[in-house]
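[1] could you look at this predicted model? Sequence included:
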Amino acid sequence: MWTVDTFISIGLCSLSKNLVTFLHRARVAFGLWNMSKKIQFSVLISCLVLLAGCGSSSSSDSNAAKSGSASGGKKLEIALVPKGTTHAYWKSVNEGAQKAADELGVTLDWKSSVKEDDKDGQIQVVENFVSQKVDGIGVAPTDDVALETPIKDAIAQGIPVVIFDSAIKDVDVPSFVATDNEAAGKLGGERLAKLLGGKGKVIMLRYMQGSASTESREKGALEALQSNPGIQMVSDNQFGGATADTAQSASENLINQFNVGGKFGVDGIFCPNESTAYGMLKALQNAGLAGKVKFVGFDSSDPLMDGVKAGQIDALVVQNPVKMGYETVKQLVNKIKGQPVEKRVDTGAAIIDKDHLTLPGLDTK
């Protein structure tokens with residue numbers, strides 16, 4: 001049996017369309033022809049208050065969807081896991097990520113192992129973020145195979161993952177944000193070949209096995225150098241390792257190997273990242289060879305820029321780590337909100353030298 005309350009509840013569902021019709025139906029159904037104007041006015045005000053509350057709720061939900069809030073008003077929590085945290089390069093990535101987080105209204109967690117060769121440490125960081133049930137994770141894999149399982153586990157638990165800086169094997173992710181590393185390495189190789197006039201003996205100090213980004217750079221540089229018949233690669237199988245200190249030690253060994261009878265038997269050097277370039281620069285300085293051999297490095301930091309200004313580094317291939325961090329957070333938030341996501345974001349690279357120390361939008365700190 002219908003009551004007055006039941007009828008009013010049903011009537012409220014269509015009230016937004018026609019309040020007058022609702023009140024008329026109530027009077028007809030229950031014979032309330034003598035309902036005073038005062039009572040009618042009270043009912044009308046109550047309905048308007050209820051509708052206003054519904055509108056306010058809808059507006060709040062809409063605003064939450066547009067901002068970085070998750071359901072219930074909680075801000076989205078985005079975690080970024082770089083290869084390491086000590087190099088200037090990663091600090092620039094963090095700067096861009098934080099800028100995006102501030103603009104989009106999300107919380108950013110930035111954490112990784114200290115050393116870039118600590119695969120187990122990076123895996124543990126990713127697993128911890130998965131356990132914390134963050135809303136999205138960005139990963140720059142230290143190793144393109146070792147990080148496969150924890151990344152797949154995150155995806156299986158419904159946490160979107162975006163890969164940045166360095167590729168991962170056998171994992172389908174919504175977006176990969178990085179430099180075109182092979183093309184960037186080719187830029188470096190071409191510049192070194194030009195500096196050498198297409199002939200001479202060259203060494204390459206590689207970075208670390210399993211690092212997809214630097215392996216692509218090394219490949220691109222080698223192909224560019226070896227396309228010149230007059231260039232001889234006298235060493236391209238030595239690794240600098242994860243830190244500038246280990247890179248300096250490896251560089252010193254190479255210098256000693258080719259420094260025979262006080263004559264350095266190398267004409268050109270290529271290094272594929274910040275730590276190898278800085279380690280090589282220090283070794284050349286200590287050996288009194290800085291500025292006496294053509295040298296092209298990769299990435300930018302204050303010491304490397306000082307080397308360029310002093311004529312001890314002939315050129316650097318620079319990336320845009322600030323953009324990389326920014327785009328990683330942006331693509332993650334878009335994925336979480338069901339908005340369009342770019343499958344591949346190329347953040348760019350270019351050459352700087354003593355005559356061109358700054359380039360708009362690129363990392364030349």
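    Thanks, I have the structure now. All of these numbers come straight from a predicted model, not from anything done at the bench.

[2] list the helices and strands the lengthiest strand in the chain packs on?
    Counting residues, the longest strand found in the chain (DSSP state E) is strand 230-239. On a contact count with 3 or more Cβ pairs under 8 Å, 6 or more residues apart in numbering; DSSP states H and E, strand 230-239 meets strand 199-206, helix 212-226, helix 244-258. Using the backbone N, CA and C atoms, a C-beta is placed for each residue, glycine as well.

[3] the ones you listed: which one's closest to residue 307?
    Of all the helices and strands packed on strand 230-239, helix 244-258 sits nearest to residue 307, with 12.8 Å by Cβ to Cβ.

[4] thinking again about what came up before, mean pLDDT and distance to residue 171 added to the helices and strands packed on strand 230-239, as a markdown table?
    Below are the helices and strands packed on strand 230-239 laid out as a markdown table (pLDDT from 0 to 100; distance: least, Cβ to Cβ, whole Å):
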| stretch | mean pLDDT | distance to residue 171 |
| --- | --- | --- |
| strand 199-206 | 98 | 24 |
| helix 212-226 | 97 | 12 |
| helix 244-258 | 97 | 29 |
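
[5] just put those in CSV and tack on mean neighbour count and distance to residue 129.
    Listed next are the helices and strands packed on strand 230-239 as CSV, based on neighbours: other Cβ atoms under 10 Å; distance: least, Cβ to Cβ, whole Å:
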stretch, mean neighbour count, distance to residue 129
strand 199-206, 23, 30
helix 212-226, 22, 21
helix 244-258, 19, 28
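
[6] what's the closest of these to residue 358?
    If we rank these by Cβ to Cβ, the stretch that ends up nearest is helix 212-226, at 22.1 Å.

[7] touching that closest one from outside, list them.
    Contact partners of helix 212-226, identified using Cβ atoms under 8 Å, 6 or more residues apart in numbering, comprise 141, 144, 165-169, 178-179, 181-190, 192-193, 202, 204, 206-209, 231, 233, 236, 270, 272-273, 298, 317.

[8] that one to strand 199-206, inter-axis angle?
    Angle between the axes of helix 212-226 and strand 199-206 is 170 degrees (criterion: axes from the mean of the first three to the mean of the last three Cα atoms, to 10 degrees).

[9] re earlier: quick one: which of the helices and strands packed on strand 230-239 is nearest residue 88?
    The nearest among those, by Cβ to Cβ, is helix 244-258 at 10.8 Å.

[10] check which element follows that closest one along the chain.
    Per DSSP states H and E, helix 244-258 leads on to strand 259-260 as the next helix or strand towards the C-terminus.

[11] pretty sure residue 180 sits against residue 350.
    No: Residue 180 is beyond contact range of residue 350, at 11.7 Å (criterion: Cβ atoms under 8 Å).

[12] report how many residues lie close to residue 186.
    23 (other Cβ atoms under 10 Å).

[13] check which helix or strand covers it.
    helix 181-195.

[14] swap in residue 325?
    With DSSP H and E as the test, residue 325 turns up in helix 321-337.
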